[in-house]
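**Student:** below: sequence and its predicted model.
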Amino acid sequence: MAVISLVGLPGAPGVTSTALALLRAWPLDDGRRMVLAECDPDGGSVLSGALEGRVEADRGLRNLTESSRTQELVQAFWPQLIALENDERRSERNRLLLPGLTSMSQAASLAPVWGQLTDLFAGIEAHGHDVLVDLGRSGAFGPSGVLALRADAVLVVMRGTVRSLHFAQSRIAQLRALLDGEHGRGSGSLGIVLIKQGPYSAREVEAELDRRGIGTPVLATLPYRPEEAAVLSDGAPEGRGFLQGKLMSAARDATTPIRQRVATRRARLASPLHQRLMKGATGAR
């Protein structure tokens, strides 16, 4: 159905916790699976956070650099995934994690792999796997930025605070320029997931971005629930009511507008008029 990249801002707005919430909340039709790929060049945090170090850090993104030199990346990819299992949610075996780097120094060796990963994600999406890509604060730029350029949706995770809105303005302007550039698929993929902390509502965030000429829709909102978010960020005890709590309920609601946005955009990109316009633009270069 989709390849969706999530982008953070300075100040740790909760992009990885949001990605994990969407991973666990995403509706899966029969035969489909969801993969969360930690592609933050600054390093991953799920193994030490949500999984509390219970899973040995012997699988993940860093292994693909060496493996891809000796075999097809798709063959090297599958053994690196970890199935999230929970006795109360057996379906989580269809929710998979590609752990991220254990050190930001490993990112340099991945330069030739990012583009291959982009093609791989597109390929497995067409065969029954939805993909969430956690790009962290800096992964939408530089060599790993191809994972944003070719995603079906690029979601900026922000809060309704003055600081977050300040950083979002420059980050969204940069993303729009890249996505509308020669190698992007258009800034129509951009959207916002707003964590409801601070004085700015979704409507006010949209109005401020419109005023600055970088209008971007708030596709979904999540409540600011630190105790519930700690389950996702730090492996805090889940408790019986976690899955029915306000955070996970909002995450389930969030999947609908995100999926609708992807479907609408895909239909537009596939339209004959769009194809003719793109062919004309290519010929004019």
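**Tutor:** Right, received. Where do you want to start? The model shown is predicted, which means the values in this text are computed figures rather than measured ones.

**Student:** show residues contacting the lengthiest helix in the chain.
**Tutor:** If you go by DSSP state H, the chain has its longest helix at helix 246-269. For helix 246-269, contacts defined as Cβ atoms under 8 Å, 6 or more residues apart in numbering pick out 1-2, 4, 18, 21-22, 24-27, 152-153, 155, 185-186, 188-189, 191, 193, 219-223, 225, 228-229, 242, 274. All C-beta spots, glycine's among them, are computed from the backbone N, C-alpha and C.

**Student:** show me where the stretch 1-150 of the chain has helices.
**Tutor:** 15-25, 62-67, 73-77, 114-125, 146-149 (DSSP state H, counting those that start in this stretch).

**Student:** residue 44: which of those helices is closest?
**Tutor:** In terms of Cβ to Cβ, the element of the helices of the stretch 1-150 of the chain nearest to residue 44 is helix 15-25, at 8.1 Å.

**Student:** please compute how far the closest one lies from its chain's middle.
**Tutor:** Averaging C-alpha coordinates over helix 15-25 and over its chain gives two centres that are 9 Å apart (Cα atoms, centre = their mean, to the nearest Å).

**Student:** output it as CSV, restricted to C-alpha atoms.
**Tutor:** Output in CSV follows, covering the C-alpha atoms of helix 15-25 (Å, rounded to 0.1, in the frame of the first residue of the first chain):
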residue,chain,number,x,y,z
VAL,A,15,9.6,10.7,15.6
THR,A,16,10.6,7.1,16.6
SER,A,17,7.9,6.8,19.2
THR,A,18,5.4,8.0,16.5
ALA,A,19,6.8,5.5,14.0
LEU,A,20,6.4,2.6,16.6
ALA,A,21,2.9,3.7,17.4
LEU,A,22,1.9,3.6,13.7
LEU,A,23,3.7,0.3,13.3
ARG,A,24,1.6,-1.3,16.0
ALA,A,25,-1.6,0.5,15.0
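
**Student:** in this structure, where is pLDDT below threshold?
**Tutor:** Residues of the chain that meet the criterion pLDDT under 70 lie in 1, 12, 52-53, 67-71, 85-92, 271-285.

**Student:** brilliant, that's me finished.
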